[in-house]
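Enquirer: Could you work out the structure for the sequence below:
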Amino acid sequence: MQRTPSRVAHMMLLVCTAVALAIWLGLGLAPPAAGAARAFDGLPADGPRLAWQLESVSVYQQAPAVAVWRIRGYLPSGLNRLTLSPVPNGIEPGSIVATVEAGHGEITAVTHSVADRQVQVQIVMPEWGEAAVRLIYTFPGLTWSASYSARVDGAGEQVAFHGWRRLTNTSGVDLPPTMVQMVAGPSNHLGQMAQYRGGAELKHTSIQVPLRQGLPDGAEILTPIASLSQVPARLLHVLDRIPLTAQETGAPREQVQAALGLEIMLPADGQDVSYPLPAGELRVYSCLPDGSTFLLGKDVLQAAAGAGPVIAVLDPTPALRAEKWRTDQRRIGTGSVEEAYQIKLLNYGAYDAQVLLIEAFPGDWTILQSTPVVPTRNAEGMAQFTLTVRAGERVELLYRVRYTQ
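Expert: Numbering: from 1, shown residues only. Model (predicted):
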């Protein structure tokens with residue numbers, strides 16, 4: 001029997017309807033009633049087409065983290081609910097932002113249930129079609145920090161230097177695999193950008209670290225940023241902007257103790273170190289020939305843009321002490337001052353001491369005379385004297401400086 005075109009079209013319509021019904025039933029969904037809202041939870045059980053994906057997390061050292069989620073898939077016409085659950089404890093309600101990035105849907109509401117630990121996005125679709133939604137919120141409990149260790153050999157001329165980024169999750173939920181942006185600075189508020197430290201000072205505000213295995217709640221992960229088995233170093237006695245010694249009649253002469261310091265010569269960028277190194281706490285250990293190890297002290301290692309010396313200032317040491325006097329002061333013209341200083345360095349220890357003496361002056365300054373050494377200007381714009389004081393001896397440093405006020 002020959003089928004007419006209208007009969008063929010009718011049969012094709014029935015076949016398409018049956019196929020559509022089979023797809024709905026295969027997905028575990030009931031055929032929608034007219035005008036009913038469709039709920040699509042962003043959980044893996046609802047199918048991969050509408051699963052929320054964590055695109056990235058920006059993590060700060062002392063501020064809430066920023067999470068960026070994305071969901072993409074086909075939605076039927078009418079009202080649909082896209083649910084993300086579970087979400088971290090303490091989401092800041094005012095921080096939740098949802099936007100449509102693709103498709104013709106319109107977001108009508110975003111709800112956050114603290115009790116159910118979920119965020120729900122309601123989107124109305126004019127017709128069946130593809131839609132992409134981005135969800136952003138800030139939350140506490142995900143932070144990072146940098147830490148370093150330096151192990152000094154017996155002679156104090158080499159160190160083993162290691163550095164780590166430590167990512168800690170106490171947010172209340174497991175963190176799925178994603179790209180983590182570790183941002184250097186106290187917060188993400190624009191009004192506090194001037195207070196950034198670490199990488200921001202080096203024109204690098206963040207470091208990308210892929211988190212391939214995720215991070216469970218209550219766990220932390222350390223990723224290496226430096227692993228150097230031997231780096232040139234030297235132990236120093238640091239005197240940083242010491243005060244003047246009291247000169248009143250009968251007043252006790254106070255001697256300033258130097259602090260033990262460690263200068264480390266960081267190598268060029270390579271396989272074992274990656275710059276910039278963010279600021280972080282540095283612990284210095286000393287290893288004796290018998291294998292025993294003890295802590296010399298700790299300091300904050302400032303951010304390092306590349307190869308060069310970095311100095312850690314540790315605990316005071318009684319082996320080297322100093323006294324300082326101003327021997328002359330005069331005004332030159334209307335805006336300049338000329339001063340002369342005498343600094344006495346005394347080594348009470350049994351070993352020669354390498355001394356690093358730092359002096360600061362206001363405005364523009366020039367050293368007119370200096371003996372027995374001439375200072376250099378360090379990165380902070382201060383005068384830096386380097387000299388040796390032999391065991392049991394003393395050295396006098398004399399210099400004259402002119403500066404503008």
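
Enquirer: Which helix or strand lies directly C-terminal to the lowest-mean-pLDDT helix or strand in the chain?
Expert: Using mean pLDDT, DSSP states H and E, strand 38-41 stands out as the lowest-scoring helix or strand of the chain, at a mean of 38. Stepping forward along the backbone from strand 38-41, the first helix or strand reached (DSSP states H and E) is strand 53-59.

Enquirer: What angle do strand 53-59 and the next helix or strand after that following strand make with each other?
Expert: Next in sequence after strand 53-59, counting helices and strands by DSSP H and E, comes strand 65-75. Using axes from the mean of the first three to the mean of the last three CA atoms, to 10 degrees, the direction of strand 65-75 lies 170 degrees away from that of strand 53-59.

Enquirer: which helices and strands sit right next to strand 65-75?
Expert: strand 38-41, strand 53-59, strand 129-139 (3 or more CB pairs under 8 Å, 6 or more residues apart in numbering; DSSP states H and E). Heads up, the C-betas are built off the backbone N, CA and C, glycines and all.

Enquirer: So which of these is nearest residue 266?
Expert: strand 53-59 (25.1 Å; CB to CB).

Enquirer: So for that closest one, mean pLDDT?
Expert: Strand 53-59 comes out with an average pLDDT of 91.

Enquirer: That one pairs with which strands?
Expert: strand 65-75 (antiparallel), strand 178-183 (parallel) (DSSP bridges).

Enquirer: how distant is the very next helix or strand once past the first one from the center of its chain?
Expert: Stepping forward along the backbone from strand 65-75, the first helix or strand reached (DSSP H and E) is strand 78-84. Mean-position distance between strand 78-84 and its chain equals 36 Å (CA atoms, centre = their mean, to the nearest Å).

Enquirer: how far off strand 53-59 does strand 78-84 point, in degrees?
Expert: 50 degrees.

Enquirer: Run through the neighbouring helices and strands of strand 78-84.
Expert: Helices and strands touching strand 78-84, by 3+ CB pairs under 8 Å, 6+ apart, are strand 38-41, strand 118-125.

Enquirer: ok, back up a step: would you tell me which of the strands paired with strand 53-59 gets closest to residue 328?
Expert: strand 178-183 (49.8 Å).

Enquirer: Quick one: residues in contact with that closest one.
Expert: 54-61, 144, 165, 167, 199, 205-211, 214, 278 (CB atoms under 8 Å, 6 or more residues apart in numbering).

Enquirer: Check the offset of it from the chain's centre.
Expert: Centroid separation between strand 178-183 and its chain, computed with CA atoms, centre = their mean, is 10 Å.

Enquirer: Which positions in it come out as buried?
Expert: Buried residues in strand 178-183, defined by neighbour count with 16 or more other CB atoms under 10 Å: 178, 180, 181, 182, 183.

Enquirer: Quick one: name whatever helix or strand follows that strand.
Expert: Immediately after strand 178-183, counting by DSSP H and E, sits strand 206-211.
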